[in-house]
Structures are given as C-alpha cells and as structure tokens.
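Asker: prediction below, plus the sequence it came from.
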Amino acid sequence: MSEGIGSKRLVTGAHYGLRDWMAQRLTAVLMALFTALVLFQLIFSRGEIGYDLWAGIFSPQWMRALTFTVLLALTYHVWVGMRDIWMDYIKPVGVRLALHIFTIVWLLSCLGWAVQVLWRL
Amino acid sequence: MTEPAKTRPVFRNIHALQDLPSYRLPAAGWVSILHRISGALMFLLLPFIVWLFDKSVSSEISFAKFKSALNLGIGMYPGWFIRLTLLALIWAYLHHLIAGLRHLYMDATHSVSREFGRSSAVATLALSVGLTVVLGAKLFGLY
C-alpha cells in the first residue's frame, strides 16, 4: 500500500503543477470578457435585434481577430477539461487513448469550421 | 518511530449505480459535478453550436433558416426540440460561467471558508437556474 507514496511517488503524466491550472484560468477569463463584450453590444443596441446587428458585431476586423483568439482559447480550455474527465473516469489505456484522439479530432474540426464561418463574414 | 496505524477497512471501486445515489452532496458538490456535466454537454454539442453560429451570422438567408429551425424545426427535428436543446446549452453556459467565476474569485481572494463555499454554491445554483428560467420563458415565447 505504501509503495509509491511519499518521496518515491512517481509524478508523471497528468501535467501536475501550474501550467494547465493557469492556462485553464487565463482562457476562462478571456472567454468571460468576450462574453461580456458581445452581451454589452447586444443589450445596449438600438432597434430590433436582427441579422444586421448580430452579423455587425462580428464583422469588424479587430472583432474577427479577437474572436479567432477566443476560439483558440476555447479549444485549449475544452481540451484540458475533457482530458481531465477522461483521466478521472476512463482507466483502460487503449480506450482512454481513443477518447483523447476523438476529442482532438472533434475539437479541431469544430475550430476549423468556426474559423471558416468567421473569416468569410 | 511511531507505531504504524492500524489497518482500516478500505472501500474502493464505488459502484456508480448502487453507491452514488445514496450520497447526499452538499451544494458545493452539486456545483462541482454540474460544472463537469455542463462542460461535457457543451463539448458534445459543439458542432450544433458552430452550426447555430454559422446559420445566424453568414447571410440574411441563413439567418432566416436559423429562425425557421427554431420556430418550425429542421429535418427530422421539430422546433421545440431545437429550442429545448438550445435551452440546455444556455443552462450549461450559465452554470459553467458562474461556477467558473466563483472559482476565480476563490483563487484571487483565498475565500475558502466552509461558509463561503456553501453560500456561494447556493448563489451559483440559484442564479444559473433562475436566469435559465427567465431566458427559457423568452425562448418559448411566454413574454
């Protein structure tokens, strides 16, 4: 029971430490601020909320660049979160690897699609 | 050297269906597991979210399609089902955002007392569910 605990404990594999913890919070702050920015433009707009207003929010170049950055932050945030879920609940290493690969494919596919939508506005 | 502690009974491998329903979670426990569930839900529905973004923002025609999907449905999915899915996403986003802000606040101010943990968890649940009800009523045309 006590083997592998204490000074002999093997610390590996799960990105213990500051990096993922900090990345998860910095990406979260960025997304929260972005949410506030979009909500602010929706709430303090004049007239009916329709296509022109909604598309107009995302059409300026600076907003597209910012949205792109937020999409990258979102992708990394979701990767860290989903990887934590798989690591907590899925023990067989082959199944876990398959789910990790699925998560990456799922996320990058959605990212590519969203970026395409964004850049043809 | 002190005597090693007596061996205690060890309970491992709790059974998800037999043991978990008998656990009574405190409010902070509910916020925690719902943070996870809401995150996983948004991950699984990510293509639907991008689809909503695509339709709503690409052109006037796609925006009309977006509206009709919510009102009349699209393909095999009726409109109420699309709106219900959207409402689930609204709840997930609200809960994840508010629970995340609670995390950030606790990290920044070291507010880790038992009492703050409980009261902020209750506030998180009340706020996320309350806003979901308000926005859901709007989504289903109650006002």
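Answerer: Yep, it's here.
Asker: okay, CA-based contacts and neighbour counts for the rest of this
Answerer: Fine.
Asker: isn't B:Glu60 up against A:Leu53?
Answerer: No. Judged on C-alpha atoms under 8 Å, B:Glu60 makes no contact with A:Leu53 at a distance of 11.4 Å.
Asker: how many residues are close by the nearest residue to B:Ile14 once chain neighbours are set aside?
Answerer: Leaving aside its chain neighbours, B:Ile14 sits nearest to B:Leu20 (7.6 Å; criterion: C-alpha to C-alpha, 6 or more residues apart in numbering or on different chains). Neighbour count for B:Leu20, taken as other C-alpha atoms under 10 Å in any protein chain shown: 11.
Asker: residues contacting the residue positioned nearest the centre of chain A?
Answerer: Of all residues in chain A, the one closest to the mean position by C-alpha atoms, centre = their mean is A:Leu74, 2.2 Å from it. Each residue near A:Leu74 by C-alpha atoms under 8 Å, 6 or more residues apart in numbering or on different chains is listed here: A:Thr27, A:Ala28, A:Met31.
Asker: would you turn the residues you listed into TSV with distance to A:Arg19 and neighbour count?
Answerer: Below are these laid out as TSV (distance: C-alpha to C-alpha, whole Å; neighbours: other C-alpha atoms under 10 Å in any protein chain shown):
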residue	distance to A:Arg19	neighbour count
A:Thr27	12	20
A:Ala28	14	20
A:Met31	18	20
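Asker: tell me the one of those nearest chain B?
Answerer: A:Ala28 (7.5 Å; C-alpha to the nearest C-alpha).
Asker: model confidence score at B:Lys65, please.
Answerer: At B:Lys65, the pLDDT value in this model is 95.
Asker: one more: the one 5 residues further on?
Answerer: Among the per-residue scores, B:Leu70 holds a pLDDT of 94.
Asker: what's the separation between it and chain A?
Answerer: Note on B:Leu70: its distance to chain A, by C-alpha to the nearest C-alpha, to the nearest Å, is 14 Å.
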